[in-house]
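Participant: Sharing a model that was predicted from the sequence below.
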Amino acid sequence: MDRLKALGRLLPRVAVAVLAGVLLGFAFEPHDHPWLTIVAVPLFLAALNGISMKAGFLVGAGFGIAYYAVMVPWLSVIGGDAAIALAILEGLFYAVFGLFATQVLKLRLWMLWIPCLWVATEFATASVPFGGFPWGKLAWAFSAVSLGKLAAYVGIAGLSFLVAFVGVLVYAVLRRGSGLRLRAVALVAGLVIVFGPTLIHLSTEGDGNTVKAAIVQGNVPGKGLEFLGRARTVTRNHLNATLDLEKRVQAGSEMKPDLVIWPENSTDIDPYKDDETRADIEEAVKAVGVPILVGAVTEGPGPNERQTTGIVWDPVSGPGQRYAKRHPVPFGEYIPFRDQLLPYIKRLEMIGAQTVPGVGPGVMPIGGVTYGDVICFELAYDNVIQDVVNGGAQVLIVQTNNATYGGTGQPEQQFAITRMRAIETGRTVLIASTSGISGVIRPDGTVEHKSAQFVSDVYVATVPVRDGRTLATILGGWPQWILTGLGLLGVVLALIDRRRSRSKDTSPPASGPARTPEKVPA
């Protein structure tokens, strides 16, 4: 009976947490209401305040599952069960957050420890299992908002900390028992963090040099899981779009590019082994007379294995530099525990050969300019971006294929992540997609060009070549490690404090004669 009463008291808190999770999901594209974060975070903390650790786990789970259910419904293209499984898996990370946050909220410096614990939670989601899923970072919601400019100084982890901190400040203002001084300080600090970045100007100038790049979106013949059912058609689409580009160059209506960029999966047939595919690529390269960065699926290195690659194809020397995707998508490009799962989940047979991750960053010197090539999903991984910038990349390239998820909101979410990467690194980002969204994003995050989805689109951009480093790229992974460490330290301190409190509550009374309590004067 007591357990039923306790559950009855807990259900309203779970409902509040679920509401907070739903609101946070709507902060991201395609809904794009970033300031809902400063409503969702305090609501979540209010639901966690003053309850047990076990109750915090349930409240946190409700929040996290609702959050991811709203943010990644596009996975239902693969299957509704896949979308539900991902929401539950990622939601469990916030269940652990809730477990510990119930105690961290009792600490004197809880306003510091809570946003640090949030960063630690995001770090965990981006790391495990199977390499993690870094899609749900608070920072991604602020690519089009002035607060997002701070990513150039503090990085993605630092920006997530600041967003969570603003939510904490709002909670401090509204929290019962907060003193007038604390409320005043929290209000002023929150206003400074939110409106201060409007005064920041991020430079978009280069170091004197520019480069012309053509982004080719050839489009695909279908949608959903069958988007590459006619692989040769996809390659021919990109060939024809490139030939049309050269006709415009010859007619004088378009600038001649220094480099042409084809997207991920622009050929799903290995051009090293298939003569027809190789002939299509060489026809395009010889027509434009400049290198083409081709997105190709290549066979090997082992039997029944493949790699998703970017290959620099020169009009004279043919295929040269090659970058293989380092973070293939689990259950999308490869199957963890393949031998154990295939007999029971026949749908996984559609994935085909196992994609093997590449080794080393996609740093590619082409025509005197160093490009950093990143392929699709791995764009969200901090270490991939840090590696290409540390390797000297002056311009970033994202080769992507979102045709499976066209029209679901996933391409918009990835485009927002790309904008944050431009701000963080201070580099122009050139995005080539098979079916959209392709585009050009300047070093301050502004969008020069953004294609529609499921159309053919070719755009030639003149972009700055930049060697300078933002503070965020100089600091690298340190903000994430420091903030995560502080979050874990807050948990340790909270557990120590909890143990001390329980020891005091269970310790026997001191021995000695009983004392008659003194009367208190009225």
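Facilitator: Nice, I can see it. Numbers count the residues shown, from 1 in each chain.
Participant: Can you spell out which residues form a bridge with Thr462?
Facilitator: Taking DSSP bridges, one obtains Lys212 as the residues bridged to Thr462.
Participant: I'd guessed it sits against Val211; true?
Facilitator: Yes - between Thr462 and Val211 there is a contact under C-beta atoms under 8 Å: 7.4 Å. Every residue, glycine included, has its C-beta placed from N, CA and C.
Participant: between the two, who's got more neighbours?
Facilitator: Between Thr462 and Val211, counted using other C-beta atoms under 10 Å, Val211 has the larger neighbour count: 22 against 15.
Participant: so who does that one touch?
Facilitator: Under the criterion of C-beta atoms under 8 Å, 6 or more residues apart in numbering, the neighbours of Val211 are Asp258, Leu259, Gly367, Val369, Val395, Thr462, Val463, Val465.
Participant: For the helix of greatest length in the chain, buried residues please.
Facilitator: In the chain, taking DSSP state H as the definition, the longest helix is helix 478-506. Residues Pro479, Gln480, Ile482, Leu483, Thr484, Leu486, Gly487, Leu488, Gly490, Val491, Leu493, Ala494 are the ones in helix 478-506 that count as buried (16 or more other C-beta atoms under 10 Å).
Participant: How far does it sit from its chain's centre?
Facilitator: Per C-alpha atoms, centre = their mean, to the nearest Å, the displacement of helix 478-506 from the mean C-alpha position of its chain is 28 Å.
Participant: Among the buried residues of helix 478-506, find me the one that's closest to Val297.
Facilitator: For those, the residue nearest Val297 by C-beta to C-beta is Gln480; the value is 32.1 Å.
Participant: Out of the contacts of Val211, which sit inside strands?
Facilitator: Secondary structure assignment (DSSP state E) places Leu259, Val369, Val395, Thr462, Val463 from the contacts of Val211 within strands.
Participant: which residue sits closest to the last one, ignoring its sequence neighbours?
Facilitator: Once flanking residues are discounted, Val463 sits nearest to Thr428: 4.1 Å by C-beta to C-beta, 6 or more residues apart in numbering.
Participant: Who are the contact partners of that neighbour?
Facilitator: With contacts defined as C-beta under 8 Å, 6+ apart, Thr428 is in contact with Val395, Leu396, Ala422, Val440, Ile441, Arg442, Pro443, Ala461, Val463, Pro464, Arg466.
Participant: Output the buried residues of helix 478-506 in JSON lines; the columns should cover distance to Ile351.
Facilitator: Rendered in JSON lines, the data for these read as follows (distance: C-beta to C-beta, whole Å):
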{"residue": "Pro479", "distance to Ile351": "36"}
{"residue": "Gln480", "distance to Ile351": "31"}
{"residue": "Ile482", "distance to Ile351": "38"}
{"residue": "Leu483", "distance to Ile351": "36"}
{"residue": "Thr484", "distance to Ile351": "33"}
{"residue": "Leu486", "distance to Ile351": "40"}
{"residue": "Gly487", "distance to Ile351": "36"}
{"residue": "Leu488", "distance to Ile351": "36"}
{"residue": "Gly490", "distance to Ile351": "41"}
{"residue": "Val491", "distance to Ile351": "38"}
{"residue": "Leu493", "distance to Ile351": "45"}
{"residue": "Ala494", "distance to Ile351": "43"}
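Participant: out of the contacts of Thr428, which are buried?
Facilitator: Among these, the ones that count as buried (16+ other C-beta under 10 Å) are Val395, Leu396, Ala422, Val440, Ile441, Arg442, Pro443, Ala461, Val463, Pro464, Arg466.
Participant: first vs last residue of stretch 215-231, how far apart are they?
Facilitator: 20 Å (C-alpha to C-alpha, to the nearest Å).
Participant: One more: stretch 459-469?
Facilitator: Here the two ends of stretch 459-469 are set 27 Å apart, with distance taken as C-alpha to C-alpha.
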